[in-house]
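*Asks:* how would this look folded up:
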Amino acid sequence: MGKDLRAIFSRRHSYATKSNKTLKVKTPGGSLVLHQLKKLSKGPRCGETGVTLHGIKKLKMKAYKNVHKREKTVKRAYGGSLCGKAVRDRILRAFLIEEQKIVKKIESEKKK
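*Replies:* The predicted model follows:
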């Protein structure tokens, strides 16, 4: 007969829950052990659209403390909080509002 290919939990928590995810790993000695996996984060999302932000690491909040600044933000206005599309829309909206103000001012001058 060959080796026993069953792996057992090394911790006391034996139920297959979200917090008890494991990965089977074969050691150089040939035995099968379980590595405990950490939960994945959904990562930062856009405040307006709710889309996942690109270029920013998906970490737990405490883990951002040990990461470089370039991995936490994007070099743009509202870099770490809004996606590019939301920023573009804000700029366009502000521009159109200013244009509308100018048109109203010109129309009021023509009436006088």
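
*Asks:* just the helices in this protein please.
*Replies:* 84-111 (DSSP state H).

*Asks:* and the strands in it?
*Replies:* Applying DSSP state E to the chain gives strands spanning 22-26, 32-36.

*Asks:* now mean neighbour count too, for the ones you listed, in JSON lines please.
*Replies:* Quick note: C-beta positions are derived from backbone N, CA and C, even for glycine. As requested, the strands of the chain are exported to JSON lines (neighbours: other Cβ atoms under 10 Å):
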{"stretch": "strand 22-26", "mean neighbour count": "12"}
{"stretch": "strand 32-36", "mean neighbour count": "14"}
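
*Asks:* distance of the residue lying closest to Val87 once chain neighbours are set aside from Val103?
*Replies:* Once flanking residues are discounted, Val87 sits nearest to Tyr78: 5.2 Å by Cβ to Cβ, 6 or more residues apart in numbering. Look at Tyr78 and Val103: by Cβ to Cβ, to the nearest Å, they are 28 Å apart.

*Asks:* just Lys85 next, same as before
*Replies:* 27 Å.

*Asks:* what does Gly84 give?
*Replies:* According to Cβ to Cβ, Gly84 stands 29 Å off from Val103.

*Asks:* again, but for Gly43
*Replies:* Using Cβ to Cβ, Gly43 is found at 42 Å from Val103.

*Asks:* got a list of what the most centrally placed residue in the chain touches?
*Replies:* In the chain, the residue lying closest to the centroid (Cα atoms, centre = their mean) is Gly43, at 2.3 Å. Shown in contact with Gly43 (Cβ atoms under 8 Å, 6 or more residues apart in numbering): 52-53, 56-59.
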